[in-house]
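*Asks:* Requesting a structural model of the entry that follows:
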Amino acid sequence: MPVRPLLGAAAGAALLIGAAAAAPSVAAPAAPAEAVTVDTTGRMANGFVTLSGTYRCLPGTGPVYVSSSVRQGASGDRHAIGGTRAVCDGREHRWENHGSVSEDALTPGAAEVEATIVELRPTGILVLPHFHAVRHQDIVLTGS
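*Replies:* The predicted structure is shown next:
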């Protein structure tokens, strides 16, 4: 067998293999390694607000917290609603934060919550925040 057809076939096969390797994969996306969710309902009573959800994070080098804040109406004012120490082991966990706001700051009804997984990483003499995940969620605040 002549050598030229063999070389041509080998080069063609190499091009096909290279094109197949470079083509984008169509596999289903993996679950995110780090994420935070917010329950669609928050509770408020006597100036205290309770927000909750789930989180998943990977181990870090410093303490990790799930913080949350709530905003309502056009003012844009955010009210910090506590923080929960997070266990970062790659598994899903529940979080629940409680905080107080002035009695007239929030009313039952639509609101927006921001939940954040933040790690306080030691860097020499400073401790700097490192954000693992952030979620903005529209919720309903219920009074009790």
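
*Asks:* Tell me how far the longest strand seen in the chain lies from the chain's centre.
*Replies:* The longest strand of the chain (DSSP state E) is strand 126-143. On the basis of CA atoms, centre = their mean, to the nearest Å, strand 126-143 sits 8 Å off its chain's mean C-alpha point.

*Asks:* Against which helices or strands is it packed?
*Replies:* strand 35-36, strand 41-45, strand 48-56, strand 64-71, strand 109-123 (3 or more CB pairs under 8 Å, 6 or more residues apart in numbering; DSSP states H and E). In this view, the C-beta of every residue, glycine as well, is placed from N, C-alpha and C.

*Asks:* can you put those in a markdown table and add mean pLDDT, distance to His93 and mean neighbour count?
*Replies:* Listed next are those as a markdown table, based on pLDDT from 0 to 100; distance: least, CB to CB, whole Å; neighbours: other CB atoms under 10 Å:
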| stretch | mean pLDDT | distance to His93 | mean neighbour count |
| --- | --- | --- | --- |
| strand 35-36 | 94 | 10 | 20 |
| strand 41-45 | 93 | 19 | 17 |
| strand 48-56 | 95 | 6 | 21 |
| strand 64-71 | 96 | 9 | 22 |
| strand 109-123 | 94 | 11 | 18 |
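
*Asks:* so which of these gets nearest His136?
*Replies:* His136 lies closest, by CB to CB, to one member of the helices and strands packed on strand 126-143: strand 109-123, at 5.4 Å.

*Asks:* Measure how the closest one sits relative to strand 64-71, angle-wise.
*Replies:* Per axes from the mean of the first three to the mean of the last three CA atoms, to 10 degrees, the angle that strand 109-123 makes with strand 64-71 is 150 degrees.

*Asks:* Offset the numbering so it begins at 39, please.
*Replies:* Sure, I'll start counting at 39 from here, so that last one is strand 147-161.
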